[in-house]
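J.: Sharing a model that was predicted from the sequence below.
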Amino acid sequence: MPKLLFSFLIVIPLVSVIHQLGHSLMAIILGGRVDFTIGQGKTIFKWKKIKIKSIYFLHSFCIYEKLKYDNRFTHACVYAGGTIANLASILLVYGLIMLGVLSKNLFSYQFVYFSIYYIVFSLLPFEYSETSLSDGRAIYDALRYGKITCNPD
């Protein structure tokens, strides 16, 4: 039970936040404005465009608008930003383990496992609902049809 709670309350939210920070950072690099929210429920903390909700471990998301460089490719880059951030975080953890800074432990195994999970399932091209797409589907729609969805999941 403690391992489950550790995963559910610490590791998965961290992986989710890294994923959304990847989208946000990519949007900011491309000249966009970003609203970033961690969790669901009542807002317990707000600073500028960042909100933390009471149920922090249940999803996080970013909404971006007005990219300075506004075309199919730049939007696809924003949609891919989450996957890129998760991949970079995996490489960082492995690098720190190889350098002896981090040890192989429950956190590192679960962090890498859930990061890979996020990468794989975010890149599968499907629709969650009529208004919400996976990153893979958003990338495909942006590159193929020029369809822009400003809320990567």
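T.: Ah, there it is.
J.: how about the chain, which residue sits the furthest from its center?
T.: G100 (27.3 Å; Cα atoms, centre = their mean).
J.: for that residue, helix, strand, or coil?
T.: coil (DSSP: H, G, I helix; E, B strand; the rest coil).
J.: Pull up the gap between it and I90, please.
T.: When distance is defined by Cβ to Cβ, to the nearest Å, G100 is 18 Å away from I90. For the C-beta atoms, the positions are set from N, CA and C on the backbone; glycine is no exception.
J.: what's around the closest residue in space to S89 that isn't next to it in sequence, how many residues?
T.: In this structure, S89 finds its nearest non-sequential neighbour in I18, 5.1 Å apart by Cβ to Cβ, 6 or more residues apart in numbering. Under the neighbour criterion other Cβ atoms under 10 Å, I18 is assigned a count of 20.
J.: confidence score at I18?
T.: Note for I18: predicted pLDDT of 95.
J.: my guess is it contacts N86, does it?
T.: Yes: between I18 and N86 there is a contact at 6.1 Å, judged by Cβ atoms under 8 Å.
J.: Need the residues touching each of these two.
T.: By Cβ atoms under 8 Å, 6 or more residues apart in numbering, I18 and N86 have these common neighbours: S115.
J.: Using the three-state scheme, assign F45.
T.: Going by three-state DSSP: F45 is strand.
J.: Give me the neighbour count for it.
T.: 11.
J.: do the same with T83
T.: Residues lying near T83 (other Cβ under 10 Å) number 22.
J.: quick check, G81 in a helix?
T.: Yes: under three-state DSSP, G81 sits within a helix.
J.: Near it, how many other residues are there?
T.: Neighbours of G81 (other Cβ under 10 Å): 26.
J.: Next, the closest residue to it other than its chain neighbours: secondary structure please.
T.: The shortest distance from G81 to any non-neighbouring residue, by Cβ to Cβ, 6+ apart, is to M26 (3.1 Å). What three-state DSSP gives for M26 is helix.
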